[in-house]
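*Asks:* Provided below for reference: sequence and predicted model.
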Amino acid sequence: MDSVRDDSELTAILLAAFEAIPEGFVIYGPDDRLVACNSAYRRLYDLSAPAMTVGAPFETILRCGLENGQYPEAGETAEEHEAWLSERLAAHRRADTDIEQRLDDDRWLQIRERRLETGHVIGFRSDVTALKRLSMDHDRLSRTIERSAQEIHLIDARTGRYIDINRGACLNLGYTRAEMMGRTPACINPEFTDADIAEMLKPLIAGEVPLIELETTHQRSDGTTYPCRLRIFHDRGEDEAGGGVIVAFAQDISESRRLERELAQGRADLEILLQGIPDLVARAKPDTTLTFVNARFAHSRGMPAAELVGRRLADLMSGEQRHTFERNVDALTPDLPVVNAMEHVVDRSGVEHTYQWSHTMRFDGDMADSLFSVGRDVTELYAANEALAKANTNLESFAYAASHDLRSPIQTMRSLLGILEEDYLKDAPDDARMVFERLKGVSDRMLQLSNGVLDYARIAGKPPEVSTFDSGEMLDGVLGNLEAEIAESGARIAVDGTMPVVTAGRPQIAQVFQNLVSNALKFHRPGQAPEIDIASATRGPFHVFSIRDRGIGIGEEDREDIFKPFNRLHGRRAYSGSGLGLTICRRIVEAHGGRIRAARREGGGTWIEFSIKDQIDG
């Protein structure tokens, strides 16, 4: 009885001991059936635990885990499962090797199984997840280091000799890893001796500095050299007495040196360009504080460039010019980053200069970054323009006065011709009648020219009075004025779509339409009623109008000539007119910020298009 009790107590003690250990423990009999296992084993294989009953075959327990997804390494198909199962059973029956196994929750187990002389198989399962992940991280780091193009050098801190070097260093230097082992860094650093390197590393090894950074030159195995940047660290490990490993990271900076040289050369070239051009150039912060000015700019202000840097560009202006400049700069946006302006400056000698400026704000996203200003001295051009404008004004005034004064004698001559016709022409011979008709034609022509010059002078000397109006209603009024001509010619006039509401000089735009429609009615093919199509479109701030007819048309070479004053493509006898109608149209359109052009219409006739800019300032 004592022997039985002793065996029973020993078994209980052993089971309690196995239950207490953190590793999984299991015993299978000679027939591969479960004899016993501890709780840790069941926890590790929680998806297989339902099949873990005493006497259950090892294969049955494996299949239970397989069906429940316990073993991701077993694959997904039935064939893969059977192949994995066969391999695992064979390893279990051999029970002579240690294997690693990945479970469904990404844990890793180390399996150690051994077969006893009795035929039983005992097994331990240890959770090695942390070690496995550390090993995997180490492998990834090793692969990264090996594949890195950056040179990595490992040097024994005590001996100062190489213990390893990565592939990037081997490729750059032209040495194999075996050739570098046991050498010192001086073999690739022609600037230093071994003693120089040891002296340089002393503060690092002593812990006085965390790293050493320097630029040096590396020499390849073929004798060529290249510049590089070094960052050197000391990994002491567990050795606190000056041992451990020196880790040096070296980067070939040949390309960056080349780019730096090119950048420096580019800056020098730009400096020469900025200082040599006749324009004034400045760079400023968004608040207009100057950070750069060229020599021309400094000269324009009568101050050295160094004294101007740091001052606000706005502060160099005076009065309303300054307020206008600040408002314009504040209004710049990423979509509209440029503003142009004129500036009048009186220099220290009292001479006034006029500068034309272009200010451009550079944006980083929505934030203003820098203001770039380029100015040009246009004093002479400005003076010339003013003189030209004055001359034009005088000429326009003279033309107006002359054409106005000519109307009186012309009207008198026409009245006298009327008296002659009424009182003396009835009994006059044919040759006298012919002379009279010629005189009458000349007087009509003189009146047309006088009226045309007067109209042109009125338009040239007076800016348009802007108002907002319906261009369709305006066109109806124009067509009403031409009602007699339309009826007489039997013309067909079609307006395509709805005409826009515009802001412009209504009388002037009406005159453009009247001149163009009148021409389309006048220059029609003999025996064929005029056909006129009028259309409109809006393109951004511009309203575009077109008049198309099927008349006699124009030649390609006449597209510009027809807008010149007194230019006629056809004789006066065939078509009446002053020769100023289209000239007046161009003057009106250009005064409204637009343009006018003409072309021969495909199939015969003329196409004229003109545009006007909406919301004119006046």
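*Replies:* Everything's here; your move.
*Asks:* where does pLDDT dip in the stretch 151-300 of the chain?
*Replies:* Per-residue confidence for the stretch 151-300 of the chain (pLDDT under 70) gives these ranges: 238-242.
*Asks:* what comes into contact with the top strand by length along the chain?
*Replies:* Ordering each strand of the chain by length in residues (DSSP state E) puts strand 352-364 first. Residues from elsewhere that reach strand 352-364 (C-beta atoms under 8 Å, 6 or more residues apart in numbering): 280, 286, 300, 325, 328-329, 332-334, 337-347, 368-379, 382-383. The C-beta positions use only the backbone N, C-alpha and C, and glycine is treated the same way.
*Asks:* now with 7 Å, please.
*Replies:* Residues outside strand 352-364 that contact it (C-beta atoms under 7 Å, 6 or more residues apart in numbering): 280, 286, 329, 332, 334, 337-347, 368-379, 382.
*Asks:* surely residue 155 is within a helix?
*Replies:* No - residue assignment for residue 155, taken from DSSP: H, G, I helix; E, B strand; the rest coil, gives strand, which places it outside any helix.
*Asks:* ok, now which ones touch it?
*Replies:* Contacts for residue 155 (C-beta under 7 Å, 6+ apart) come out as 161-163, 185, 245-246, 248.
*Asks:* which stretches of the stretch 151-300 of the chain form helices?
*Replies:* In the stretch 151-300 of the chain, the segments counted as helices under DSSP state H, counting those that start in this stretch are 167-173, 177-180, 194-205, 254-276, 295-301.
*Asks:* now do the buried residues in the fourth one.
*Replies:* Taking 16 or more other C-beta atoms under 10 Å as the basis for neighbour counts, the residues of helix 254-276 that come out buried are residue 274.
*Asks:* other SSEs contacting that helix?
*Replies:* The elements that helix 254-276 packs onto, with contact taken as 3 or more C-beta pairs under 7 Å, 6 or more residues apart in numbering; DSSP states H and E, are strand 225-235.
*Asks:* just the buried residues of the strand it packs on, please?
*Replies:* Residues of strand 225-235 classed as buried by neighbour count (16+ other C-beta under 10 Å): 228, 230, 232, 234.
*Asks:* just how off-centre is it within its chain?
*Replies:* In terms of C-alpha atoms, centre = their mean, to the nearest Å, the centre of strand 225-235 is found 38 Å from the chain centre.
*Asks:* what mean pLDDT does stretch 503-512 get?
*Replies:* The average pLDDT within stretch 503-512 is 86.
*Asks:* still on that earlier bit, what subset of the contacts of strand 352-364 is buried?
*Replies:* For the contacts of strand 352-364, burial is judged from neighbour counts taken by 16+ other C-beta under 10 Å, and it is met by 280, 286, 329, 332, 339, 341, 343, 345, 368, 371-377, 382.
*Asks:* so of the residues you listed, which ones are in strands?
*Replies:* For those, membership in strands holds for 280, 339, 341, 343, 345, 368, 371-377, with DSSP E as the criterion.
*Asks:* mind putting the residues you listed into CSV with distance to residue 583?
*Replies:* Listed next are these as CSV, based on distance: C-beta to C-beta, whole Å:
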residue, distance to residue 583
280, 40
339, 34
341, 33
343, 36
345, 39
368, 47
371, 44
372, 42
373, 40
374, 37
375, 36
376, 33
377, 35
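*Asks:* among these, show me the least confident.
*Replies:* Least confident entry in those, by pLDDT: residue 345, with 78.
*Asks:* where does residue 117 fall, phi/psi-wise?
*Replies:* Note on residue 117: backbone dihedrals following degrees, to the nearest 10 are phi -60, psi -30.
*Asks:* how much space separates the spatially most central residue of the chain from residue 371?
*Replies:* Nearest to the mean C-alpha position of the chain, counting by C-alpha atoms, centre = their mean, stands residue 365 at 10.1 Å. Using C-beta to C-beta, to the nearest Å, we find residue 365 at a distance of 16 Å from residue 371.
*Asks:* check residue 386 too.
*Replies:* 30 Å.
*Asks:* over to residue 106?
*Replies:* Counting by C-beta to C-beta, the gap from residue 106 to residue 371 is 57 Å.
*Asks:* check residue 169 too.
*Replies:* In this structure, residue 169 and residue 371 are separated by 48 Å, where distance is defined by C-beta to C-beta.
*Asks:* repeat that for residue 473.
*Replies:* 47 Å.
*Asks:* check residue 478 too.
*Replies:* Looking at residue 478 against residue 371, where the rule is C-beta to C-beta, the gap reads 49 Å.
*Asks:* which of the ones in strands among the buried ones among the contacts of strand 352-364 sits closest to residue 469?
*Replies:* Here the nearest of those to residue 469, counting by C-beta to C-beta, is residue 339; it sits at 31.0 Å.
*Asks:* nearest spatial neighbour of that closest one, skipping sequence neighbours?
*Replies:* residue 328 (4.4 Å; C-beta to C-beta, 6 or more residues apart in numbering).
*Asks:* what's the pLDDT at the one you found?
*Replies:* Residue 328 carries a pLDDT value of 88.
*Asks:* which strand or helix spans residue 532?
*Replies:* Taking DSSP states H and E as the criterion, residue 532 maps to strand 531-539.
*Asks:* partners of that strand in the sheet?
*Replies:* Paired strands of strand 531-539, with direction, are strand 492-495 (parallel), strand 542-549 (antiparallel) (DSSP bridges).
*Asks:* next secondary structure element downstream of the longest one?
*Replies:* Going back to what we said before, that points to strand 542-549. Once the chain leaves strand 542-549, the next helix or strand it forms, by DSSP H and E, is helix 581-591.
*Asks:* same check on the first one?
*Replies:* Moving toward the C-terminus from strand 492-495, the first helix or strand encountered (DSSP H and E) is strand 501-505.
*Asks:* quick check: what element follows that next one along the chain?
*Replies:* For strand 501-505, the succeeding helix or strand toward the C-terminus, using DSSP H and E, is helix 506-522.
*Asks:* ok now that next one, how far from the chain's centre?
*Replies:* Here the centre of mass of C-alpha atoms in helix 506-522, compared against the chain's by C-alpha atoms, centre = their mean, lies 46 Å away.
*Asks:* kindly format the C-alpha coordinates of it as PDB.
*Replies:* Extracted in PDB, the C-alpha atoms of helix 506-522 (Å, rounded to 0.1, in the frame of the first residue of the first chain):
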ATOM      1  CA  ARG A 506     -24.800 103.500 -76.000                       C
ATOM      2  CA  PRO A 507     -24.600 106.200 -78.800                       C
ATOM      3  CA  GLN A 508     -21.200 105.000 -80.000                       C
ATOM      4  CA  ILE A 509     -22.100 101.300 -80.100                       C
ATOM      5  CA  ALA A 510     -25.300 102.200 -81.900                       C
ATOM      6  CA  GLN A 511     -23.300 104.100 -84.500                       C
ATOM      7  CA  VAL A 512     -21.000 101.000 -85.000                       C
ATOM      8  CA  PHE A 513     -24.100  98.900 -85.700                       C
ATOM      9  CA  GLN A 514     -25.600 101.600 -88.000                       C
ATOM     10  CA  ASN A 515     -22.400 101.900 -90.000                       C
ATOM     11  CA  LEU A 516     -21.900  98.100 -90.300                       C
ATOM     12  CA  VAL A 517     -25.600  97.300 -91.200                       C
ATOM     13  CA  SER A 518     -25.700 100.300 -93.600                       C
ATOM     14  CA  ASN A 519     -22.600  98.900 -95.400                       C
ATOM     15  CA  ALA A 520     -24.200  95.400 -95.600                       C
ATOM     16  CA  LEU A 521     -27.300  97.000 -97.200                       C
ATOM     17  CA  LYS A 522     -25.200  99.100 -99.600                       C
END
